[in-house]
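>>> Model the following, please.
(2 chains)
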Number of protein chains: 2
Amino acid sequence: MTNTIIYRYDALKNFCEDAFKKLGFSPKDSEIITDVLLLSDLYGIESHGMQRLVRYHKGIEKGMIKVDAKPEIVFETPVSLVIDGHDGMGQLNSHFAMTRTIEKAQKAGVCIATVRNSNHFGIAGYYAKMASDKGYIGFAMTNSEAIMVPTFGRMAMIGSNPIAMAMPAKPYPFFFDASTTVVTRGKLEIYNKNNKPLPEGWALDKNGKGSTDAADVLKNIVAKAGGGIMPLGGEFERTGSHKGYGYGMVCEIFCSILSQGITSNRTHQDGKGGTCHGFACIDPKIFGDAQAIEEKLSAFLQELRQAPKSEGAERIYTHGEKEILAYADRMKNGIAINVHTVAEMVDFCSFVGLEVKRYLGEVDLDGIQRASSYK
Amino acid sequence: MTNTIIYRYDALKNFCEDAFKKLGFSPKDSEIITDVLLLSDLYGIESHGMQRLVRYHKGIEKGMIKVDAKPEIVFETPVSLVIDGHDGMGQLNSHFAMTRTIEKAQKAGVCIATVRNSNHFGIAGYYAKMASDKGYIGFAMTNSEAIMVPTFGRMAMIGSNPIAMAMPAKPYPFFFDASTTVVTRGKLEIYNKNNKPLPEGWALDKNGKGSTDAADVLKNIVAKAGGGIMPLGGEFERTGSHKGYGYGMVCEIFCSILSQGITSNRTHQDGKGGTCHGFACIDPKIFGDAQAIEEKLSAFLQELRQAPKSEGAERIYTHGEKEILAYADRMKNGIAINVHTVAEMVDFCSFVGLEVKRYLGEVDLDGIQRASSYK
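Residues are numbered from 1 along each chain as shown, chains lettered A, B, ... in the order given. Alright, predicted model coming up:
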């Protein structure tokens, strides 16, 4: 069983904002970063929330993430933006980029932004949601350290390369956010933390053969020794491996190719992150009556939810529904954080000089194998 | 073994153009339809080429496809188009839509079009390629008669809903064209024609359980009795079923939702097709130096092709490479057409009054179980 400690949203928000302020970010920037991280935990996407704190901290320590960097618009038209993130925090570059993308789309009807020289930006869906919260269609993508092994390959060449899309609907928006790999690296990290074997059909060993050994796969990825995660569609063309690989490429093009940044296979080298992102915002009014379009989408989503279920299934979810349910639950009942992640948060406090008890309460980590991340 | 008869490209072009002229299309329109269909056969996508002839013929006979319909722009902005296809031929509506989408993108940098009340348009990639042939990034999508069963469902609610993207690169473009189901209905039809069991992980029976019986699955689809094809990612969330379902939704939104047309689950009812499409064109110059961007993509595609192979694999393909190889082969050696499809072409000739021998040569169909499509 996974051991967890439950925290109130407000407590984690308080901790997280002060943590990033301690790392040198302004109060406003710390708030943005915290908002992105905690939406992930609230949405039940544990792999991209508090669990990432250590990696950001280490990225800053190593100089890969520059705390005082400011994103710069290096090229633009009325419908486009090219932004150089100057190795700043991914969340800040992305919040900046999506804010401007929305502004331009408000005037031109559509805008596409591409960002180079950034860092891990959290969940892609956060930025797509920025657009849908304002009544627009939003897209967000990012490349990442190579983890996807292309069909017939044995070396990771493409990132987990998520593509997110959000669009207003009632009672809740369409919110689709998914890696173009079968699963994300974060999922492998959770299996590794819990010492569980991976399901089959997820990962490849360094020879390009199926593997269920999370520790070994992660080790090989870090060492760039071969292997990685399969594209959505699995290992073989028969099950559509080349399609997941194709969506990974679509993402790569909008991130690193159009921005002329660093492709997934070359990020995270020589102390540089180099992550690239892509964003888009579309005003549904360019297709007519935005209200009628929203109603049309809402009606179709409802038809999907009400469609006949397969034997043994209780409900059909539409995209974003699980996140809405998780959000409501966690706001009411608190957010369960893996004890190993709590251990990292405790260690983090001692590193940056935050009082553990004040932020995290009385934490009993006796009998918990301490996380190795800070070794 | 599959029996095939090999035809020269020119012979099929001649047959196909005259066939559509016999059905009432103008020479120019017949040429467009033929060009779309034969590119599919030349690219090795047998399921969407000559094999579709009977279905178009029947669609016209039933009045589902209106030969004399003209696409109408019902709403537009400098960056968008909404087109009513008035139940015309999908290829003609789509060629019209993409031509105008490219024209608008040439001025505004980007344009998105959505088309309602159309019909099956052939391969999505054809229209994406129209843009990439001119130096732009092209997208094309279509909904279709519901065939994808959403995760946890047992009724097909979404079409095969392909998404295609093409972008210039050297020595050949990035050309990605894939259904968001594991496979297309056309693939099932080919297995059925060849009387072969389906691979596992493709299709569901009417109770929402895995099935390898192509005839039964196709029968249930036509009868809307339940079952269908799995989303890319298969039957379970563990392998990413919800992701393929999500990409199917992205396609549905750009086709039927934004055009306020007919969603996949309601097309092909009461004698109406109602298929909807989505198109986009992006000028890479809105991100800076188009030449440098093309070189960047070309270099990355080359890195992928040269990456280490998995044990037993000979090469890593980039998207569009197999199509380029197939095209060269078929232009040189001819196009192999399944004998059952040839039988349909022969029957077609007698129906519309074309001389078989003149178009298809001496066809020996002795011992071939005649196709039932014209029964």
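
>>> The residue in the stretch 151-300 of chain A positioned nearest to chain B: what secondary structure?
Of all residues in the stretch 151-300 of chain A, residue A:208 sits closest to chain B, at 2.9 Å by CB to the nearest CB. C-beta here means a position set from N, CA and C on the backbone, and glycine is covered the same way. What DSSP: H, G, I helix; E, B strand; the rest coil gives for residue A:208 is coil.

>>> And the pLDDT at it?
Residue A:208 carries a pLDDT value of 93.

>>> Please apply the same query to residue A:372.
You'll see residue A:372 listed with a pLDDT of 54.

>>> how far out from the middle of the chain is stretch A:230-243?
A distance of 22 Å separates the centroid of the chain from that of stretch A:230-243, by CA atoms, centre = their mean, to the nearest Å.

>>> next one: stretch A:30-42
Relative to the centre of its chain, stretch A:30-42 is centred 11 Å away, using CA atoms, centre = their mean.

>>> which residues touch it?
By CB atoms under 8 Å, 6 or more residues apart in numbering or on different chains, the residues outside stretch A:30-42 that reach it are A:9, A:12-13, A:16-21, A:25, A:46-50, A:52-53, A:89, A:91-92, A:94-95, A:121-123, A:126, A:129, A:326-327, A:330-331, A:335, A:337.

>>> Give the ChimeraX command for selecting the buried subset of those residues.
ChimeraX command restricting these to the buried ones, with burial defined by 16 or more other CB atoms under 10 Å in any protein chain shown:
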select /A:9,12,13,16,17,18,19,20,21,25,46,47,48,49,50,52,53,89,91,92,94,95,121,122,123,126,129,326,327,330,335,337
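
>>> got the contact list for residue A:142?
Residues in contact with residue A:142 (CB under 8 Å, 6+ apart) are A:90, A:94, A:120-121, A:124, A:159, A:161-162, A:251, A:255, A:275-278.

>>> How about the residues of the stretch 1-150 of chain A by chain B?
Within the stretch 1-150 of chain A, the positions near chain B by CB under 8 Å from any CB of the partner chain are A:75, A:77-80, A:82, A:108-110, A:112, A:114, A:137, A:149-150.

>>> Can you tell me which of the residues you listed are buried?
By 16+ other CB under 10 Å, the residues of the stretch 1-150 of chain A next to chain B give A:75, A:77-80, A:82, A:108-110, A:112, A:114, A:137, A:149-150 as buried.

>>> Just confirm residue A:51 contacts residue A:338, I think it does.
Yes - between residue A:51 and residue A:338 there is a contact at 7.0 Å, judged by CB atoms under 8 Å.

>>> what touches both of these two?
residue A:190.

>>> Out of those two, name the residue with the larger neighbour count.
For residue A:51 versus residue A:338, the count of surrounding residues by other CB atoms under 10 Å in any protein chain shown is larger for residue A:51: 24 against 19.

>>> measure that one to residue A:192 for me?
Relative to residue A:192, residue A:51 is positioned 12 Å away (CB to CB, to the nearest Å).

>>> Only alpha carbons, please: show the lowest-mean-pLDDT helix or strand in chain A as PDB.
Lowest on mean pLDDT, DSSP states H and E among the helices and strands of chain A sits helix A:185-193, with a mean of 85. Listed next in PDB are the C-alpha coordinates belonging to helix A:185-193 (Å, rounded to 0.1, in the frame of the first residue of the first chain):
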ATOM      1  CA  ARG A 185       8.000   9.400 -16.900                       C
ATOM      2  CA  GLY A 186       6.300  10.700 -13.700                       C
ATOM      3  CA  LYS A 187       4.200   7.500 -13.700                       C
ATOM      4  CA  LEU A 188       7.300   5.400 -13.800                       C
ATOM      5  CA  GLU A 189       8.800   7.400 -11.000                       C
ATOM      6  CA  ILE A 190       5.700   6.700  -8.800                       C
ATOM      7  CA  TYR A 191       6.000   3.000  -9.600                       C
ATOM      8  CA  ASN A 192       9.600   3.200  -8.700                       C
ATOM      9  CA  LYS A 193       8.900   5.000  -5.400                       C
END
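
>>> for the stretch 1-150 of chain A, what spans make up the helices?
Remark: helices assigned in the stretch 1-150 of chain A by DSSP state H, counting those that start in this stretch are A:9-22, A:27-42, A:53-61, A:90-108, A:124-132.

>>> residue ranges with poor pLDDT in chain A?
Residue ranges of chain A with pLDDT under 70: A:1-2, A:367-375.

>>> List the residues that contact the residue nearest to the spatial centre of it.
Closest to where the C-alpha atoms of chain A average out (CA atoms, centre = their mean) is residue A:123, at 2.5 Å. By CB under 8 Å, 6+ apart, the residues touching residue A:123 are A:36, A:39, A:40, A:43, A:45, A:48, A:162, A:164, A:177.

>>> Need the max-distance pair from those residues.
A:39 and A:162 (14.5 Å; CB to CB).

>>> who's more crowded, those two?
Each of residue A:39 and residue A:162 has its neighbours counted (other CB under 10 Å); residue A:162 has more, 26 against 19.

>>> can you pull the contacts of that one?
Taking CB under 8 Å, 6+ apart, we find residue A:162 in contact with A:123, A:124, A:141, A:142, A:177, A:178, A:179, A:180, A:184, A:251.

>>> check contacts around the fifth one.
The contact partners of residue A:177, taken as CB under 8 Å, 6+ apart, are A:45, A:123, A:124, A:125, A:128, A:162, A:163, A:164, A:165, A:166.

>>> make it 7 Å
Residues near residue A:177 by CB atoms under 7 Å, 6 or more residues apart in numbering or on different chains: A:123, A:124, A:125, A:128, A:162, A:164.

>>> Please identify which two of those residues are farthest apart in space.
A:128 and A:162, at 10.1 Å, using CB to CB across the contacts of residue A:177.

>>> right, is the least confident helix or strand of chain A up against chain B?
No - figure legend: helix A:185-193 not in contact with chain B (CB under 7 Å from any CB of the partner chain); closest approach 10.5 Å.

>>> Show me what that helix is packed against.
Helices and strands touching helix A:185-193, by 3 or more CB pairs under 7 Å, 6 or more residues apart in numbering or on different chains; DSSP states H and E, are helix A:214-222.

>>> how far is the helix or strand following the helix it packs on from where the chain is centred?
Note on helix A:214-222: by DSSP states H and E, the next helix or strand toward the C-terminus is strand A:228-229. How far strand A:228-229 lies from its chain's middle: 17 Å, per CA atoms, centre = their mean.

>>> can you check stretch A:40-54 too?
Centroid separation between stretch A:40-54 and its chain, computed with CA atoms, centre = their mean, is 9 Å.

>>> Likewise for stretch A:170-177?
Remark: stretch A:170-177 is offset 17 Å from the chain centroid, using CA atoms, centre = their mean.

>>> Repeat that for stretch A:276-284.
Remark: stretch A:276-284 is offset 16 Å from the chain centroid, using CA atoms, centre = their mean.

>>> separation between the residue of the stretch 1-150 of chain A found nearest chain B and residue A:108?
Chain B sits closest to residue A:80 of the stretch 1-150 of chain A, with a gap of 3.9 Å, by CB to the nearest CB. Applying CB to CB, the value for residue A:80 to residue A:108 is 9 Å.

>>> ok, residue A:342 touching residue A:7?
No - using CB atoms under 7 Å, residue A:342 is not in contact with residue A:7; the gap is 8.6 Å.
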